[in-house]
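> sequence first, predicted model second:
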Amino acid sequence: MMGYESQGYEEAHLYASREEMESLVLDEPSNGSQSHSDSHNHPLSSSLPFAEIATDDDPMLSSPSSLMHPQNPNSSFNSILEPPSYADAIFRSFDGDHNSNGEINSHSSSGSLSSSPSFNSEYIRISVSDPQKEQELANSLVPGGNTYVTYLITTRTNMPQFGGSEFSVRRRFKDVVTLSDRLSESYRGLFIPLRPDKNAVESQVMQKQEFVEQRRVALEKYLCRLAAHPVIKKSDELRVFLQVQGKLPLVRTTDVASRMLDGAVKLPRQLFGESVGVVDPNEVVQPAKGGRDLLRIFKELKQSVANDWGGTKPPLVEEDKEFLEKKEKLQDFEQQVGNLSQQAESLVKAQQDIGETMGELGLAFVKLTKFETEEAIYNSQRVRAADMKNVATAAVKASRLYRELTAQTVKHLEKLHEYLGVMLAVNNAFSDRSSALLTVQTLLSDLSSLNSRIEKLEAASSKIFGGDRSRIRKIEELKETVRVTEDAKSCAIREYERIKENNKNELERLDKEKQDDFLSMLKGFVVNQAGYAEKMANVWEMVAEETSGYVKEGS
Amino acid sequence: MITPQRSSSGSSQSPRSPSSQPFLSVSVTDPAKMGNGVQAYISYKVITKTNLPEYQGPEKIVIRRYSDFVWLRDRLFEKYKGIFIPPLPEKSTVEKFRFSAEFIEMRRQALDIFVNRIASHHELQQSDELRTFLQADEQTMERARFQDTGIFKKKPADLMQIFKDVQSKVSDVVLGKEKPVEESNPEYEKLKHYIFELENHLAEAQKHAYRLVKRHRELGQSLSDFGTAVKLLGACEGNTLGKAFSELGAKSEVLSIKLQKESYHLLMNFEEPLKDYVRAVQSIKATIAERANAFRQQFELAETVKLKEIDLNKLRLTRSEKMVDAEHEYEELKEDSEEAIRRFEMIVRLMNEEIVRFQEQKTLDMGLAFHEFAKGQARLANGIADAWRSLLPKLEACSSSQH
């Protein structure tokens, strides 16, 4: 289905309905047959997948993505999903009418709100908890200084490549950065979720409770998004991060500065022709920027300038019209989502404000009621106090309803913010594509100039009888360079095609998910608004009824 | 809940048979901008329908402006001490707000209520001043208005000063600061305290009511902007999802309009009555000030009479020539003193009646205001619920058509 060539795994397609999933029991490991129909033997599984009959029963499940996004501040696993609020419990009936709950986990359903293309019975749940201060050991510049925070990352899964169902590791933020960098390198062209910001702040702030908590939440969200990506959730990098105890064994890509320094060391040798001034084929699959090869950076820069300003068409261009159309549409989409997200914020604020003011009005009337009751001399005052009390109570109730409504609205409209993040990932993937293209273009230009030099030398050398030894030697060198460059070119083209394929598949996935996500967002928003409006109507109708006698006849 | 005693605001109670039952019904309508620039003002049509003999014809229409209403109020305040004269809406200080449709309508409504309250008050309705106001031609009215300036007319600033004096005196008494020339009537003290406290509470409630009006408007505006943004997003999506978005955007805009409407309804039918309540309490404070004046006058006169009596007796003993004059003076002073006592006692009597009326009237007024408030909120909420609900089948159709 998805041609991700860098994957070593085959995809195990395990289809099961929700009922089946809930009733799965632990199979004997020696039992060769699996309890699901039409499943492939997973090459790497040594134990059979087994399902947990657990929090899936939770009526709060509104989409499988909530499986992947537990909001658990404590490390207790059993309350991994947010407990339903009173309001949500009420609105189960609204959701139930429109059957969004019943259809969640069946892959063939129409109302599938899955964030993965087909919902398998495989699942993975990640939670981040228990932040702890730890001391940097040897090599700290400040003696006794350099503390950092680690988080407990707990994974619960039945995916075969993990070879276990529940495990924990401790990781620090630096490790997350490493993971993110490695994923960016390995999966160019995919829409990889963005990691949380580094936040260059002082160590004092770093250790503050609030900051740590914010970061914990962000990390959880990030890891869950990674686990929700159909390709990345099966990646080595993620598995190692989640599972391997002790120090993270992913090689940390060195930062740009030191890479530049390395490159600067190499450059003079390249310029003087002392080393073969050619791109290492292995490095070609990485973008030039941020790499060690300054010469390559310069060449590609020259090429991009030639592309933009030169008179001739570059040797290879982005021809895929479909892609270009989609790209443009997505840019439009990004802008509109940004705009809508802002308006959504204002809407939420306005709703919050009206609720607050209603509450203040209610309180003012409560005070007035108390006052009139205490000071009452005439019966008319007591009657008025009673009327006022009803209004005050209703106003306070309405104010509470507004507050709940606002909280729910935020939850629904958060999708918009999320998609702004998704668009950043998309843009990164598009950058991968254009920089890979640039590499190819540069290499093609290289080849063309090398070949023309060879031609010239051959022509010149042929005029000399008996040959020109120095020229012939030079020609041989150049031909060798051409061979290496041809190899590099092939690599680069393969890489470019791979990225293009990744882009294509991801765009399809995005399209589908976008439809589902936004539709469910709209539904949720509308159901929410309608439900609370009805409740408010009930509250006020009662008061209107109680005071209906004051209406003058004929008015 | 008290069932309203009056069937219509303009008619007076009478034991006579319905056919010959006297009635006086007034309405203030048709605000119109007159003049230009700084001199511009709003004029109102005041329509009087009556069968009372003192009034001309079954119907009379005159043109009046705000200052005419002020004249009426001031004259009644001067003449009928002890009665809570119905309050007037404030003079607008903000220039550009003065001619906004909302303000004009708010003022018209308040002026209408003002005149009707006077017309349905058993004493005030018989006043010459009301008759003049309802009947006189415009020139006569203008003359009467200008006559007032300088002699009788109390500028709002003066009234404010009176309020402040009374307020400070009352709070001084409450705080035990000085020993003033005040009645020592515990029931009356309680009433004064009640009135001052009531104003504070009401002012707070009115402030929040006004804010609530604004919030409705703001929410309406937000929804409208939100709807526009949703539609734009829908436009770049196309297909079924795009349709869903544009339907949502359209609904948002519909609801935005409902919110604006409700905001206006809330302003006119809830916030204004609350404001009116506050004004009424302030008017009572002015009457309290008058009563304090009257008390002080009769007290001082009584003291003066006593002193004069002592002097007179001295003169009687010495059989001085001044005795006859002094006797005259004494008699005059005694008359004045008795007059002052009568005036004061009338104020007390009237106030006692008025406070009962006031409480009853306010229960009716507020009952209606609460009803309108609740009705409006229910109507709005139902409208919102209906609008969103009507979208759901369309959203359902979108999701099923995808697969």
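Looks like it arrived, so ask away. All values derive from a computational prediction rather than experimental measurement.
> show me where chain B has helices.
Secondary structure of chain B (DSSP state H): helices at B:66-79, B:101-119, B:128-135, B:138-148, B:156-175, B:186-237, B:239-266, B:272-318, B:322-401.
> quick one: which of the ones you listed is nearest A:I124?
Nearest to A:I124 among the helices of chain B is helix B:322-401; the distance by Cβ to Cβ comes to 26.4 Å. (Each C-beta comes from the backbone N, C-alpha and C, glycine too.)
> which helices and strands does that closest one pack with?
Secondary-structure packing of helix B:322-401 (3 or more Cβ pairs under 8 Å, 6 or more residues apart in numbering or on different chains; DSSP states H and E): helix A:379-462, helix A:469-546, helix B:239-266, helix B:272-318.
> would you list the helices of chain B in CSV and tack on mean pLDDT, mean neighbour count and distance to A:E134?
Shown next, in CSV, are the helices of chain B (pLDDT from 0 to 100; neighbours: other Cβ atoms under 10 Å in any protein chain shown; distance: least, Cβ to Cβ, whole Å):
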stretch, mean pLDDT, mean neighbour count, distance to A:E134
helix B:66-79, 93, 20, 77
helix B:101-119, 92, 19, 65
helix B:128-135, 92, 19, 87
helix B:138-148, 83, 14, 86
helix B:156-175, 60, 14, 64
helix B:186-237, 95, 20, 46
helix B:239-266, 92, 20, 48
helix B:272-318, 91, 18, 61
helix B:322-401, 92, 18, 48
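> among the ones you listed, which is nearest A:F173?
Nearest to A:F173, of these and by Cβ to Cβ, is helix B:186-237 at 34.6 Å.
> on the three-state scheme, A:Q286 is what?
Three-state call for A:Q286 (DSSP: H, G, I helix; E, B strand; the rest coil): coil.
> from what I can see B:H265 touches B:Q377, true?
No: B:H265 lies out of contact with B:Q377 (Cβ atoms under 8 Å); the separation is 9.6 Å.
> redo the helices of chain B as TSV? Include distance to A:S186.
Putting those into TSV (distance: least, Cβ to Cβ, whole Å) gives the following:
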stretch	distance to A:S186
helix B:66-79	79
helix B:101-119	64
helix B:128-135	90
helix B:138-148	90
helix B:156-175	79
helix B:186-237	32
helix B:239-266	33
helix B:272-318	67
helix B:322-401	35
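> so who does the residue nearest the centre of chain B touch?
Nearest to the mean C-alpha position of chain B, by Cα atoms, centre = their mean, lies B:P87 at 3.4 Å. By Cβ atoms under 8 Å, 6 or more residues apart in numbering or on different chains, the contact set of B:P87 is B:F114, B:D276, B:R279, B:A280, B:Q282, B:S283.
> tell me the domain ranges of the chain?
Using chain A here. A:124-249, A:323-553 (the TED database).
> wrong one, chain B
Split by the TED database, chain B gives B:24-146, B:186-401.
> in JSON lines: those, plus distance to A:N428.
Shown next, in JSON lines, are these (distance: least, Cβ to Cβ, whole Å):
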{"stretch": "domain B:24-146", "distance to A:N428": "52"}
{"stretch": "domain B:186-401", "distance to A:N428": "21"}
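> which stretch among the helices and strands packed on helix B:322-401 comes nearest B:E142?
helix B:272-318 (25.8 Å).
> chain center to that closest one: distance?
26 Å (Cα atoms, centre = their mean, to the nearest Å).
> again, but for stretch B:60-75
Relative to its chain's centre, stretch B:60-75 lies at 15 Å (Cα atoms, centre = their mean).
> would A:I297 count as being in a helix?
Yes: assignment of A:I297 by three-state DSSP places it within a helix.
> how about the residues of the stretch 201-350 of chain B by chain A?
B:201-202, B:204-205, B:207-209, B:211-212, B:215-216, B:218-219, B:221-223, B:225-226, B:228-230, B:232-233, B:235-237, B:241, B:244-245, B:248 (Cβ under 8 Å from any Cβ of the partner chain).
> list the contacts for the residue nearest to B:E354 when sequence neighbours are not counted?
Distances taken as Cβ to Cβ, 6 or more residues apart in numbering or on different chains place B:F84 nearest to B:E354, at 4.8 Å, with adjacent residues excluded. Residues in contact with B:F84 (Cβ under 8 Å, 6+ apart) are B:A280, B:S283, B:I284, B:T287, B:E354, B:R357, B:F358.
> same check on B:G35?
Taking Cβ under 8 Å, 6+ apart as the test, what B:G35 contacts is B:Y41.
> look up phi and psi at it.
phi 70, psi -180 (degrees, to the nearest 10).
> which pLDDT value goes with it?
The model reports B:G35 with a pLDDT of 87.
> that one and chain A, how far apart?
34 Å (Cβ to the nearest Cβ, to the nearest Å).
> quick check: phi and psi at the residue nearest to B:E354.
phi -80, psi 100.
> what's the distance between it and chain A?
15 Å.
> distance check, that residue against A:R382.
Here the criterion is Cβ to Cβ, to the nearest Å. By it, B:F84 lies 21 Å from A:R382.
> gap between the residue lying closest to A:V149 once chain neighbours are set aside and chain B?
Take A:V149 and drop its neighbours on the chain: the residue closest to it by Cβ to Cβ, 6+ apart is A:P131, 5.1 Å away. In this view, A:P131 and chain B are 38 Å apart by Cβ to the nearest Cβ.
> and A:P131, what helix or strand is that in?
Following DSSP states H and E, one finds A:P131 within strand A:124-135.
> between the following helix or strand past that strand and strand A:124-135, how big is the angle?
Reading on from strand A:124-135 to the C-terminus, the next helix or strand found by DSSP H and E is strand A:147-157. Relative orientation of strand A:147-157 versus strand A:124-135 (axes from the mean of the first three to the mean of the last three Cα atoms, to 10 degrees): 160 degrees.
> just checking: what are the partner strands of strand A:147-157?
Looking at strand A:147-157 with DSSP bridges, its partner strands are strand A:124-135 (antiparallel), strand A:166-172 (antiparallel).
> now render those strands as JSON lines, adding distance to B:L124.
Below are the strands paired with strand A:147-157 laid out as JSON lines (distance: least, Cβ to Cβ, whole Å):
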{"stretch": "strand A:124-135", "distance to B:L124": "76"}
{"stretch": "strand A:166-172", "distance to B:L124": "83"}
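> just put those in TSV and tack on mean pLDDT and distance to B:T132.
Putting the strands paired with strand A:147-157 into TSV (pLDDT from 0 to 100; distance: least, Cβ to Cβ, whole Å) gives the following:
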stretch	mean pLDDT	distance to B:T132
strand A:124-135	88	83
strand A:166-172	91	89
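> distance of the closest residue to A:K500 other than its chain neighbours from chain B?
With Cβ to Cβ, 6+ apart as the criterion, A:K500 has its nearest non-adjacent residue at 6.4 Å, and that residue is A:R433. Going from A:R433 to chain B by Cβ to the nearest Cβ gives 22 Å.
> quick one: A:R433 and A:R498 touch, right?
No: assessed by Cβ under 8 Å, A:R433 is found out of contact with A:R498, at 10.1 Å.
> which residues do the two both contact?
With Cβ under 8 Å, 6+ apart, A:R433 and A:R498 have common neighbours A:G189.
> between those two, which is the more surrounded one?
A:R433 (21 against 18; other Cβ atoms under 10 Å in any protein chain shown).
> which residues does the more buried one contact?
A:R433 sits next to A:G189, A:E318, A:Y496, A:I499, A:K500, A:N503 when contact means Cβ under 8 Å, 6+ apart.
> and those residues, which is closest to A:E210?
Checking the contacts of A:R433 one by one against A:E210 (Cβ to Cβ), the nearest turns out to be A:G189, at 37.2 Å.
> can you tell me which of the domains of chain B comes nearest to A:G163?
Going by Cβ to Cβ, the one of the domains of chain B nearest A:G163 is domain B:186-401, 38.2 Å.
> who in the stretch 351-500 of chain A is up against chain B?
In this structure, the stretch 351-500 of chain A approaches chain B at residues A:351, A:353-354, A:357-358, A:360-361, A:364-365, A:367-368, A:371, A:375, A:378, A:380-381, A:383-384, A:386-388, A:390-391, A:394, A:398, judged by Cβ under 8 Å from any Cβ.
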